[in-house]
Every structure is written in structure tokens, then in C-alpha cells.
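> My questions concern the predicted model and sequence given below.
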Amino acid sequence: MIDWLIGHFVPGAENTQDPAVRTRYGQFAGTVGIICNVALCLAKGAVGLISGSVSIVADAVNNLSDASSNIISLLGFKLASRPADPEHPYGHGRYEYLSGLIVAALVLAIGFELIKSSIEKILSPTPVEFSAALVVVLVLSIVVKLWMAVFNRTIGHRIGSETLEATAVDSRNDVISTGAVLASAVIAHLTGLDLDGWVGTAVGLFILWSGIGLVRETVNPLLGQAPSAELIEHIRKKIMSYPGVLGTHDLMVHDYGPGRQFASAHVEMAAEANPMESHDLIDNIEQDFKTEDRMIVTLHYDPIVTDDPEVNDMRNWINQAVKIIDPRLSIHDLRTVPGPTHSNVIFDCVRPHDLAITESQLKRRIDDIVRDHYPSCRCVITVDESYVSSEQ
């Protein structure tokens, strides 16, 4: 059913990398959410007021809040689709992340409000009127919310949307909270034991816990979280697949919203090759990323001496030797400057950000290792911090 809806209401649905298609997905999901949540709010609100159940009324308010969240998500997708302008040269894609953060904040607010009203019900209990209408409405709500959780998760996975992922989690929470409300109503009817307030408190605590997780997930991309290992590996493999590329390092990825990623990297190529041909190859790689991955990639050309066997042997030996300190260490851009008493060996070392030793300690240890093997050499090392993965 979900695929049928997408096929009929999201033109060009298969092209999920297109920002315009992502916007249509988001707007469609928001519209479906608004319709479902408003209908559930009206039905639950009526039953809750008639039966006198604070947990059912709270559940109805929760649905109204969900509808507000859907409106915020819809607005977020719309704002994120705005093109770049002089004040925002990288576009407005982070609006989508902001809308996801607002949804997470609303989940927290709902949790607090539900706990407050439930505690009041515990302190001042009132009887809950049980009816067939109550059961029908709550069961229907569970079915609809379960479908909405699957619906939002499916679309969220398809377009890589943190906002829709948060909405899916919120719908899942509603299934749990409504199920708990239904269970407490049935228990009260069969045993006379009033658990309405206690169940509301437990559900509120669960929603708070879930909301904290959502805040963490939606804040990370706004703060500039590290790119996924899959993306790093994809970029590295693609660069290395071109003939003439000897290595790549110093990869950096900047995320300005879904489908708006920018990256830069250094590409090692033979210094003896025609520089015009090397430059042309780098231009082609950058253009391929733009066309095939919708990613702006800027590559820096690093010439590497490949016709000096001694330098090649030294580069390979040092690159393996530094792994004694930490297997994730690697070196690049090695060159030598001979002198009358010693030779300077100049290179960069990629240091993982969580390495236990300091930069100065790392330099000293590498220099000791190299001098033990090459007594006439002195190391001049530039340490690069790596926050993505160990580059090859």
C-alpha cells in the first residue's frame, strides 16, 4: 500500500537523490500525517471526555501535537528546498535538520505534560467510564499509528531523512502509549483497579527517554557529525578507481543538508606524468562526483616521485613502521632533502583523533623509529588529524 501511495502521489519517486523529489516525499508524508493525526485527535478527544479518562485525553492531545509536528516537518522540507542565495551560498538544506529537532523537542514537551497530568490523576483519582466505543477508538488508533510508523520509516530510509525517522519513532511511541492506555482501561473495567494515572506516568517517562534520543540524533548533523563509514569508503574507492591515481588522503566532508554534501581530498599522482593530463583527470573525477553522486568534490593534486627506488622503499617502510604505534596511522607526501651530514625526510602523518598520545609524542616516537633504521635521516613531520577513518 505504501508503494502504491508513493507511486501515485510522488512524481519521479525513483529518483531519490533529486532534491525536488525529496521535497515531494517530505510534503506527501507531512500531509498524510496531518490527516491521520487530526482524525485520531477528534475521535480520542470525544471518547476521553465522555469516559473521563485523563490518559485518553492526553493521548488525544498527543495526536494534536503530532499533527503540529507534521506541519513543522512539511514546512521544513519546503524551506530546505529553497535554492542557494548570497546569504546562504550552500543552500537551505539544514532547515530539514532543524525541523527534526523541533519535532524532538515537541516529543519531550508531550512527555513532560503527560507525566504532570498523570500525577494529578494519581493524587486526585476519578473513575473511568468503560465502553465499546473506547475500545474501538483505541484499537483503531493503534492500527493507524503502527501503519504511520512503518510509512514514515519507509520513506525516511528511502530518502535518508532524519526528520521522518524522528516522526516514525514518535508514531511508534504512540502505539506503545495507546496500548498501555487500552490495557489500563480493560484492567480497571475487569478488576476495578484504577491504573490510569500510573500508566500515564510510565508512558510519559518512556516518551521522555525516546525524546532525548531523538534530540541527540537530530542535533548531531547540525553540529557537524562525522560522515558515515560507507560514504567515506565510497568516495575513496571511486577516486582510487581512476587510472593514474596512486592514493588519496586528507578527506573532509561537509554536510549542509540531505543531498547537499561537499567534500575535499588530496589525490596522489606520479610527479613524472604530464601535469596537464593529471589536472584533466582530476577535473573529470570532480565532474563525475557532481553528475553521479550530486556531490561537489574539490581535489588537490599531490605529485609523488615514483622513479626513485630508494625513496619508494623508504616511503613504504615508514608507512608500515608507524603502524607499530597504532595500526590506523599512515603517512603520505614523503620527500627527501639530502644534506652534507644528514638527510631530512619530510612527510605528513594521519593521526586518528582519539590516539592516546600527544602530537609531540607521536612525532618523537616516529623519528626514533626512522632513525633506528635510517641513522643519517631526520624526520620533519606534519601531523594531520583524521576524524573520518584511516585513509589508505
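Sure, I can see it.
> immediately after the helix or strand hosting V311, which helix or strand?
V311 is part of helix 309-321, with elements assigned from DSSP states H and E. The helix or strand immediately downstream of helix 309-321 is strand 330-337, counting by DSSP H and E.
> ok, back up a step: for the helix holding V311, which positions count as buried?
The neighbour-count check on helix 309-321 (16 or more other C-beta atoms under 10 Å) flags V311, M314, R315, I318, N319, A321 as buried. In this view, the C-beta of every residue, glycine as well, is placed from N, C-alpha and C.
> Give me the residue at the spatial middle of the protein.
P221 (5.9 Å; C-alpha atoms, centre = their mean).
> now it, nearest residue through space, not along the chain?
Sequence neighbours aside, Y97 is the residue nearest to P221 in space, at 5.0 Å (criterion: C-beta to C-beta, 6 or more residues apart in numbering).
> how many neighbours does that neighbour have?
When neighbours are counted by other C-beta atoms under 10 Å, Y97 registers 24.
> Repeat that for S99.
Neighbour number of S99 under other C-beta under 10 Å is 29.
> Could you tell me how far it is located from Q17?
Using C-beta to C-beta, to the nearest Å, we find S99 at a distance of 20 Å from Q17.
> Could you give the number of residues near the residue nearest to E272 when sequence neighbours are not counted?
Counting by C-beta to C-beta, 6+ apart, D307 is the residue found nearest to E272 once chain neighbours are left out, at 5.6 Å. Look at D307: counted by other C-beta under 10 Å, it has 9 neighbours.
> my hunch is that D307 is in a helix, does that hold up?
No: counting by DSSP: H, G, I helix; E, B strand; the rest coil, D307 falls outside a helix, being coil.
> Test my guess that G26 contacts G76.
Yes: counting by C-beta atoms under 8 Å, G26 touches G76, with 7.4 Å between them.
> neighbour-wise, which of the two wins?
Set G26 next to G76 and count neighbours by other C-beta under 10 Å: G26 wins out with 28 against 25.
> Setting aside sequence neighbours, what's the nearest residue to that one?
Computed as C-beta to C-beta, 6+ apart, the closest residue to G26 that is not its neighbour in sequence is F77, at 3.0 Å.
> now, which of the buried residues of helix 309-321 sits nearest I187?
Distance to I187 across the buried residues of helix 309-321 (C-beta to C-beta) is lowest for N319, with 67.2 Å.
> Distance of the closest residue to that closest one other than its chain neighbours relative to D348?
Distances taken as C-beta to C-beta, 6+ apart place I331 nearest to N319, at 5.0 Å, with adjacent residues excluded. According to C-beta to C-beta, I331 stands 6 Å off from D348.
> Y256 against R94, yeah?
Yes: at 6.1 Å, Y256 counts as touching R94 under the criterion of C-beta under 8 Å.
> In the helix or strand of the chain with the lowest mean pLDDT, which residues are buried?
Within the chain, no helix or strand scores below helix 54-80, which has a mean of 75 by mean pLDDT, DSSP states H and E. Neighbour counts over helix 54-80 (16+ other C-beta under 10 Å) mark 54-67, 69-80 as buried.
> just stretch 260-273 next, same as before
Neighbour count says stretch 260-273 has R260, Q261, A263, A265, H266, V267, E268, M269, A271 buried, by 16+ other C-beta under 10 Å.
> Check stretch 325-337 too.
Residues of stretch 325-337 classed as buried: I325, D326, R328, L329, S330, I331, H332, D333, L334, R335, T336 (neighbour count, 16+ other C-beta under 10 Å).
> L208 - how many residues pack around it?
Residues near L208, counting by other C-beta under 10 Å: 18.
> Give me the neighbour count for the nearest residue to it once chain neighbours are set aside.
In this structure, L208 finds its nearest non-sequential neighbour in G111, 3.7 Å apart by C-beta to C-beta, 6+ apart. Neighbour count of G111, defined by other C-beta under 10 Å: 23.
> For G111, report the pLDDT, please.
The confidence metric pLDDT takes the value 80 at G111.
> circling back: hmm, the residue nearest to G26 is touching R22, no?
Yes: if you go by C-beta under 8 Å, F77 and R22 touch, sitting 7.4 Å apart.
> which SS class is G339?
coil.
> swap that for A265, sorry
Strictly by three-state DSSP, A265 counts as strand.
> Next one: it relative to I381, how far apart?
Counting by C-beta to C-beta, the gap from A265 to I381 is 21 Å.
> Residue ranges in the protein under the pLDDT threshold?
53-55, 58-59, 126-130, 259, 387-392 (pLDDT under 70).
> Where do the domain boundaries of it fall?
2-223, 226-304, 308-392 (automatic domain parsing).
> Deepest in the core, which of the ones you listed is it.
Across the domains of the chain, averaging neighbours per residue (mean count of other C-beta atoms under 10 Å) puts domain 2-223 on top, at a mean of 19.
> Kindly check the end-to-end length of it for me.
Terminal residues of domain 2-223 are spaced 33 Å apart (C-alpha to C-alpha, to the nearest Å).
> which residues touch the nearest residue to D170 once chain neighbours are set aside?
With C-beta to C-beta, 6+ apart as the measure, V107 is the residue that lies nearest to D170, at 5.6 Å, once sequence neighbours are left out. Neighbouring residues of V107 by C-beta atoms under 8 Å, 6 or more residues apart in numbering: S69, A166, D170, N173, I207, S210, G211, L214.
> so the third one, which of the three states?
Looking back up the chat, that one is D170. Under the three-state scheme (three-state DSSP), D170 adopts helix.
> so how far is E233 from it?
32 Å.
> Then the first one?
As judged by C-beta to C-beta, S69 and E233 stand 35 Å apart.
> got it, and the last one?
For L214, the distance to E233 equals 28 Å [C-beta to C-beta].
> what number of residues lie near G224?
Residues near G224, counting by other C-beta under 10 Å: 11.
> Surely it touches M252?
No: applying C-beta under 8 Å as the test, G224 and M252 come out as separate, 10.7 Å apart.
> Common neighbours of these two, please.
Residues touching both G224 and M252 by C-beta under 8 Å, 6+ apart: none at all.
> Do I have it right that P125 meets D194?
Yes: here P125 reaches D194: they are 5.4 Å apart, a contact under C-beta under 8 Å.
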